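In: Output the structure for:
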Amino acid sequence: MDKKSWHNEIDFHCSFGIWPFKKSLDITPAGFLYCGELFPLKTITRLRWGVDQRRGGPFPKVRYLATFGTETREFTIKTKQKDFYEHLTQRFWRAVGKRLMAEMLDGLRKGKDYRFGDFSVSDNGLTMTQRGLFKGSQSEFYEWKRLKWGIVNGNLVFTPAEATDKLLTSASFLWVDNTHILSVALALLQKQTKLEQLSSIAD
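Out: Below you'll find the model as predicted:
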């Protein structure tokens, strides 16, 4: 893909909120320009998005949330408009998500671990941490071939391969940074014959 095509893919300009609290976001190759403050693409280290559904009266209240952040700051855009949310998150993925996944795969290949809530991911599998009231923390490692994973109720969930009715751990797409990144990588791994190193999807 040439640069011009990529520029067109990520280009996004919007304003949201109610006056006098109206805000704006522009996504360009220069970065995310949020309410007049520029965050270069390379400084954005985390993304998350999802549906926040709250009960209240006969009908649930649905809001769509999309968050981007640097190492020290984060910003959340809230909307009730599904089309706007879908266009925005597509730009999130194209502008930053693909790069974050490539960086994660490179880090995994070099031996780095990445934490997602109660579990961490290495190139060879997942380490689940259980915290007991009296026993302290206990960790258990699962190779990718010993796991099954999928999406349930806005969460990326993991079960043992031999007992898919037993939940091991999960990560919320809405509340846990970069769960979407991990989910896409695992979907690509699932298409391979051998479920060994996650970084192999980049080969």
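
In: Which parts of this structure are helices?
Out: 3-10, 82-92, 98-109, 179-190 (DSSP state H).

In: Now do the strands for the chain: every range, in order, please.
Out: For the chain, the strands defined by DSSP state E occupy 12-16, 23-28, 31-34, 37-39, 46-54, 61-69, 74-79, 114-116, 119-121, 125-132, 136-143, 147-152, 155-160, 169-172.

In: Is it possible to get a markdown table of the helices of the chain that adds mean neighbour count and distance to Lys61?
Out: From N, CA and C alone the C-beta is placed, and that goes for glycine too. As requested, the helices of the chain are exported to a markdown table (neighbours: other CB atoms under 10 Å; distance: least, CB to CB, whole Å):
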| stretch | mean neighbour count | distance to Lys61 |
| --- | --- | --- |
| helix 3-10 | 11 | 31 |
| helix 82-92 | 16 | 14 |
| helix 98-109 | 17 | 31 |
| helix 179-190 | 19 | 23 |
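
In: Could you save those helices as TSV and add columns showing mean pLDDT and distance to Arg63?
Out: Putting the helices of the chain into TSV (pLDDT from 0 to 100; distance: least, CB to CB, whole Å) gives the following:
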stretch	mean pLDDT	distance to Arg63
helix 3-10	80	24
helix 82-92	95	9
helix 98-109	97	24
helix 179-190	97	18
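
In: Can you say which of those helices is nearest to Thr45?
Out: Nearest to Thr45 among these is helix 98-109; the distance by CB to CB comes to 7.3 Å.

In: Is it possible to get a markdown table of the strands of the chain that adds mean pLDDT and distance to Asp203?
Out: Putting the strands of the chain into a markdown table (pLDDT from 0 to 100; distance: least, CB to CB, whole Å) gives the following:
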| stretch | mean pLDDT | distance to Asp203 |
| --- | --- | --- |
| strand 12-16 | 86 | 32 |
| strand 23-28 | 92 | 30 |
| strand 31-34 | 96 | 30 |
| strand 37-39 | 96 | 32 |
| strand 46-54 | 92 | 25 |
| strand 61-69 | 93 | 29 |
| strand 74-79 | 93 | 33 |
| strand 114-116 | 97 | 19 |
| strand 119-121 | 97 | 18 |
| strand 125-132 | 83 | 18 |
| strand 136-143 | 84 | 19 |
| strand 147-152 | 95 | 21 |
| strand 155-160 | 96 | 23 |
| strand 169-172 | 96 | 25 |
